[in-house]
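A.B. asks: Take this sequence and fold it.
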Amino acid sequence: MSGRADRAVAADRRRVQRSALRTGLWVGLASAAVVSIITVVIVTVMVTASRPDRRPRPAGGPGGHDGRILDLDDVLPVAILLGLAGVLALAVIAWYASRRASEPLAEALGVQRAFVADASHELRTPLTTLNSRIQLAEHRLQQGGDVGAVLHDMRHDAEVMDAVLTDLLLAADSAGARSDDAGADTPVSEAVAAAVAVIGPRAESRGVRVETIASEDLRVAADPTALTRALIALLDNAVRYAADDGVVRVAAAPDGRRVALRVSDDGPGLGDLDPERVFERFARSTASSERRGFGLGLALVRDIATRFGGSVEVEETSARGTVFLLVLPRRH
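C.D. replies: As a prediction, the model looks like this:
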């Protein structure tokens with residue numbers, strides 16, 4: 001097991017132990033409070049329901065203050081009701097405590113499911129591209145052609161998958177932003193070109209043309225792999241919903257201290273899906289059911305944008321197409 005994995009396991013163990021300690025203390029204090037309240041109420045009822053002992057004393061008997069008489073018929077029903085209320089209160093405390101104690105496990109399972117879903121989605125596009133290139137290489141070999149260029153592209157696809165997995169693992173390990181994100185610096189044109197290279201085969205298979213506009217001197221404060229992932233997701237969505245033989249455009253332009261990246265398509269729009277919900281996991285549009293996705297790509301784009309202090313939104317959508325706007329801090 002690596003040092004990073006050891007630290008992650010130790011951190012999880014400490015988190016569970018802290019949760020168990022907090023839950024134990026809370027149960028103890030809450031139970032003590034319930035018992036104390038019941039005791040005080042019972043004592044108060046006993047004192048209130050008691051009456052002075054007026055019976056005559058034997059001659060020559062011991063002196064002192066008069067005693068008090070308690071009628072059990074008056075106190076016993078109250079004691080029983082308080083006991084039942086105490087049992088119910090302790091049951092509620094136990095239920096709530098069990099919920100609190102299981103929160104770390106629920107969070108861990110949620111993180112695990114999210115990582116598996118994100119990793120599966122992130123690898124689908126480069127794997128599809130890699131499969132297309134393998135088929136192309138096989139075809140060229142059968143025709144006696146040169147496969148050197150295709151092998152080079154396949155190696156690039158494998159490097160993309162390796163970088164995506166590494167970035168996902170690091171993001172999951174750090175639970176979001178990382179310490180080296182503050183110094184991140186990426187030329188926008190390079191990230192756009194890398195994303196187009198991955199999406200290219202899928203776009204070509206549908207006859208979709210991808211046009212790009214990005215100045216070479218334009219840079220953003222984002223990690224290269226993360227930005228490429230975001231652009232791949234946006235382009236994958238645009239190509240999926242674009243019209244056959246249509247056009248998808250990627251345009252990057254400075255916007256003050258930020259950079260605005262717009263990815264547009266000429267598809268049918270979002271249909272009945274609320275633009276505010278389109279970045280939720282597993283949200284999907286019904287505008288084109290035969291091209292439905294798993295609704296993860298845009299959620300990952302939002303995660304990446306938030307990680308680097310940016311934002312993503314649906315700038316425009318209609319029956320003539322959709323424009324997604326990704327805004328990131330500009331690196332001068």
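A.B. asks: how far is stretch 233-244 from where the chain is centred?
C.D. replies: Put simply, stretch 233-244 sits 24 Å off its chain's centre (Cα atoms, centre = their mean, to the nearest Å).
A.B. asks: ugh, typo on my part, it should be stretch 135-155
C.D. replies: Using Cα atoms, centre = their mean, the offset of stretch 135-155 from its chain centre is 40 Å.
A.B. asks: cool, stretch 317-326 as well?
C.D. replies: 25 Å.
A.B. asks: Quick one: mean pLDDT for it?
C.D. replies: Averaged over stretch 317-326, pLDDT sits at 92.
A.B. asks: for this protein, what spans make up the helices?
C.D. replies: 3-49, 72-142, 148-174, 188-205, 224-241, 297-307 (DSSP state H).
A.B. asks: So for residue 280, which of the ones you listed sits nearest?
C.D. replies: For the helices of the chain, the distance to residue 280 is smallest for helix 297-307, at 6.2 Å, taking Cβ to Cβ. For glycine as for every other residue, the C-beta is placed from the backbone atoms N, C-alpha and C.
A.B. asks: Okay, angle between that closest one and helix 72-142 too, please.
C.D. replies: For helix 297-307 against helix 72-142, the angle by axes from the mean of the first three to the mean of the last three Cα atoms, to 10 degrees is 100 degrees.
A.B. asks: which parts of helix 297-307 are buried?
C.D. replies: 297, 298, 299, 300, 301, 302, 303, 304, 305, 307 (16 or more other Cβ atoms under 10 Å).
A.B. asks: Which of the helices of the chain has the highest mean neighbour count?
C.D. replies: helix 224-241 (a mean of 25; mean count of other Cβ atoms under 10 Å).
A.B. asks: can you give me how far that one is from the chain middle?
C.D. replies: That offset, for helix 224-241, works out to 19 Å (Cα atoms, centre = their mean).
A.B. asks: what bits of this protein have low per-residue confidence?
C.D. replies: Applying pLDDT under 70 to the chain picks out residues 1-12, 16, 53-67, 101, 104-122, 164, 167-180, 281-296.
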